[in-house]
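>>> Let me see the structure of the following:
(2 chains)
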2 protein chains.
Amino acid sequence: MTHTRAEIITIGDEILYGQILDTNSQWISRQLDDLGIRVVRKVTIGDNETDILYAFARAQKNASLVLITGGLGPTNDDLTKPLLAKHFGVEIKLNEQALKEVTELFRNFGKELTPTNRTQAELPVNCTMISNKLGSAPGMWFDENDTVFVVMPGVPHEMKGMMTEIILPRIKERFSTQLIYHKIIKTTGIGESWLSDKIKTWEEQLPEHIKLAYLPSVMEVKLRLTASGYDKKQLIADVEKEIGKLKPLAGKYIFGYNDDTLEKVVGEMLRSKGKTIATAESCTGGFLSHKLTSVPGSSDYFLGGIVSYNNAIKVASLGVNEETLNKYGAVSEQTVNEMARNVRKIIGTDIGVAITGVAGPAGGTPDKPVGTVWVAVSDNDETRVLKFSFTKNRMVNIEASAKVAMNMVRQRMAEYDKDTR
Amino acid sequence: MTHTRAEIITIGDEILYGQILDTNSQWISRQLDDLGIRVVRKVTIGDNETDILYAFARAQKNASLVLITGGLGPTNDDLTKPLLAKHFGVEIKLNEQALKEVTELFRNFGKELTPTNRTQAELPVNCTMISNKLGSAPGMWFDENDTVFVVMPGVPHEMKGMMTEIILPRIKERFSTQLIYHKIIKTTGIGESWLSDKIKTWEEQLPEHIKLAYLPSVMEVKLRLTASGYDKKQLIADVEKEIGKLKPLAGKYIFGYNDDTLEKVVGEMLRSKGKTIATAESCTGGFLSHKLTSVPGSSDYFLGGIVSYNNAIKVASLGVNEETLNKYGAVSEQTVNEMARNVRKIIGTDIGVAITGVAGPAGGTPDKPVGTVWVAVSDNDETRVLKFSFTKNRMVNIEASAKVAMNMVRQRMAEYDKDTR
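Next up, the predicted model:
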């Protein structure tokens, strides 16, 4: 079995000097891996003619597919385009389609095309232009001497948009590859080693052609199953069979698969059950409502939220009892309970979810150290409150708090199926 | 002026396949950058003899300093050590000092040295051993034909320990290095090409030893000045002089330097002026308040926010006039104006900032297409409103909206200095 050999070339001084962490090439590797294409080399070089030309020449010999990012801007330090023309021994000319698209992009912003931006529509004549819907530098596709060069901007969202919409389908068509089928099982509410103990027997009986990887992140452990073979239907069936065996062991921690996120899953549950939700946040400062509203169409079930960062606002806007705050403090079971119950009534939703805690780095006490977080979920029948102890890191605490809050909403709603609500 | 040229070689399939994000090489780059050593290439290759030997040979020719991580474990897929011996044409022999250290390490863990682990003490005879206090694989230092090869384990904390304690001091001693000084100037409110047109004359007059790079991201363009020379004080002075000349051309777009973010800069302005702020958000769903509260200590000036995702909440919780909503719509100058003015009064702050728009992908109309966003900043004296047209991408629109809102607050507060508030 031979794999298509791919190389990734990243161009930009800012990565060499360590000012930017290169996350693009990891993302590209994963996409290619899904297509069964093997990345055999990654090279990062600076904005320097000799190094760039050498990298192009080497890649042309070494790989069938070369993915290049960076150095496509309109300024003088951007060398990728002229050096591609030099590498292929061709001219650069104005591309009418590229000019049309960049002019339109600028018109949408209500701006005139400047001469500098016009040069972005000039491309080496032997390439096919790849549209960039999110920026002014078009991508390029070269297919010469049995090697495909794909050239993209370094700005992550532009690169990803181009790859997903145009380049990956084209690569799939150009290189007929062995099948690799991945499925990611997403869990929350259990740590990696506890999960691993629970599912050990299942892991040991997995067939040869299905591999398991653990991918932990904040408050989540993903299990990736990778199956390889030649019959897609069979691979999918094999993977589903294994997931079926996993569920009795760890089903209650599984909240979704592949691209599912807690916010998406919770959103789908709310929509399908016709329920609405509101948030009351203290230490997460709006991060929970941001996560819930990052899902397209979330206005169907998310009505609003109150960020009561200051205690006076907890009283004035959320109606928390002043006595409760004085007696138990802002970070307490009693306060979070009132926050969740009240926001539900104030915004007028079926469910209210509230978070209060000490995100850090300051604000901790011996009783309530940094990382102490209370979460409450309230509906017409009851209000559930849980306490968590997270880390010393502010951003991790904020993210972890939002995730456990969403998971509590998910668990509560899963119970609705058993009742007849 | 010549820099010491360095190359970083990372060995390991898990990075090529995208299963691990390579953060080691960014960290190494930064350390070398601080010593004035320029990384000219980074290469990642798999556990494969041909690719590894080729990378060694190429690096030997290309650089004076080669840093290699990975492939040092005791198992069969770890090829780095035998291939280094092959590259240098030398034998591998038991190193007594290495054996002593690894035996001691195992004793400290209460374990006996296995034959497999014993092989970790075998090293190519032409290297100097580098002690590893945090793991069982020692590092190596080769100095042959004017090129230094430094070989380290890929486990980040082992690599960092070795670098900090032993390797960086030795590099400093071996290479009398030239200094590199970076300063990043952060701008917002102007696109890369317009900025480039505005500062062209300045760019052209920069002295030989100061280089300029443009680094664009969502609603920001960073300008990186890189100065090289031998006198640090002089380099800093030279860079500051150039920034002084830049300010009359582009000063109003500059919001900070190096690690500054808009949320940090706005927070510092609010704190130093003793002002408080509240947010009213529609399409950004809490992202603006999340950004503002991501800064430690933000509770000093951020009091609270209201996420009025639903129109009824705009009326009930934010007191927006129902007539305004019916006549002009939720995405309008009039609505955003009321949102900003009202949230200021409701939360009781000096400043109110409001956002309403169409984040997409749904909800666009011919009049108000996806990407249409209104932002308002209100204080005791006035309420300023601006309209923006962003992209078709939901997350980009949310991020861009929060940034322009923070920039409007920044601009308003900069004016306070001129008054006597």
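>>> Just the strands from the stretch 1-150 of chain A, written as ranges.
Here the stretch 1-150 of chain A has its strands, by DSSP state E, counting those that start in this stretch, at A:5-11, A:38-45, A:65-69, A:92-94, A:122-124, A:128-130, A:139-144, A:147-152.
>>> do the fifth one and chain B meet at all?
No: with CB under 8 Å from any CB of the partner chain as the criterion, chain B is not reached by strand A:122-124; the gap is at least 14.1 Å. Heads up, the C-betas are built off the backbone N, CA and C, glycines and all.
>>> which helices and strands sit right next to that strand?
Packed against strand A:122-124 by the contact rule (3 or more CB pairs under 8 Å, 6 or more residues apart in numbering or on different chains; DSSP states H and E) you find helix A:80-88, strand A:92-94, strand A:139-144.
>>> swap the cut-off to 6 Å and go again
If you count contacts as 3 or more CB pairs under 6 Å, 6 or more residues apart in numbering or on different chains; DSSP states H and E, strand A:122-124 packs onto strand A:92-94.
>>> Now residue A:213: closest residue in space that isn't a chain neighbour?
Distances taken as CB to CB, 6 or more residues apart in numbering or on different chains put residue A:224 closest to residue A:213, at 4.5 Å, once the chain neighbours are dropped.
>>> hang on, the earlier thing: possible to save the strands of the stretch 1-150 of chain A as TSV with mean pLDDT and mean neighbour count?
TSV is the format used below for the strands of the stretch 1-150 of chain A (pLDDT from 0 to 100; neighbours: other CB atoms under 10 Å in any protein chain shown):
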stretch	mean pLDDT	mean neighbour count
strand A:5-11	95	24
strand A:38-45	93	25
strand A:65-69	97	26
strand A:92-94	95	13
strand A:122-124	95	22
strand A:128-130	96	16
strand A:139-144	96	19
strand A:147-152	96	24
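>>> now the strand or helix carrying residue A:289, how far from the chain's geometric center?
Using DSSP states H and E, residue A:289 falls within helix A:287-293. Helix A:287-293 sits 14 Å away from the centroid of its parent chain (CA atoms, centre = their mean, to the nearest Å).
>>> what does the helix or strand following it rub up against?
As assigned by DSSP H and E, the chain's next helix or strand after helix A:287-293 is strand A:302-308. Contact with strand A:302-308 is made by A:276-282, A:285-286, A:289, A:292-293, A:314, A:317-318, A:343, A:347, A:349, B:286, B:289, B:304-310, B:313, as judged by CB atoms under 6 Å, 6 or more residues apart in numbering or on different chains.
>>> Give the pairing partners of strand A:302-308; include direction for each.
strand A:277-281 (parallel), strand B:302-308 (antiparallel) (DSSP bridges).
>>> which residues in the stretch 251-400 of chain A form strands?
All strands of the stretch 251-400 of chain A, identified by DSSP E, counting those that start in this stretch, fall at A:254-257, A:277-281, A:302-308, A:351-357, A:372-378, A:383-389.
>>> could you check the angle strand A:351-357 makes with the fifth one?
Read it as strand A:372-378. Taking axes from the mean of the first three to the mean of the last three CA atoms, to 10 degrees, one finds strand A:372-378 and strand A:351-357 inclined to each other by 170 degrees.
>>> Tell me the residues on the stretch 101-250 of chain A that lie near chain B, please.
Contact residues, the stretch 101-250 of chain A versus chain B (CB under 6 Å from any CB of the partner chain): A:114, A:116, A:117, A:134.
>>> repeat that with 8 Å
Near chain B, when you scan the stretch 101-250 of chain A using CB under 8 Å from any CB, you find A:108-111, A:114, A:116-117, A:133-134, A:136, A:155, A:157, A:161, A:213.
>>> Those in helices, which ones?
If you go by DSSP state H, those have A:108, A:116, A:117, A:157, A:161 in helices.
>>> Which among the residues you listed count as buried?
A:116, A:117, A:157, A:161 (16 or more other CB atoms under 10 Å in any protein chain shown).
>>> measure the closest residue to residue A:294 other than its chain neighbours to residue B:168 for me?
Closest residue to residue A:294 apart from its sequence neighbours, by CB to CB, 6+ apart: residue A:263 at 6.2 Å. In this view, residue A:263 and residue B:168 are 43 Å apart by CB to CB, to the nearest Å.
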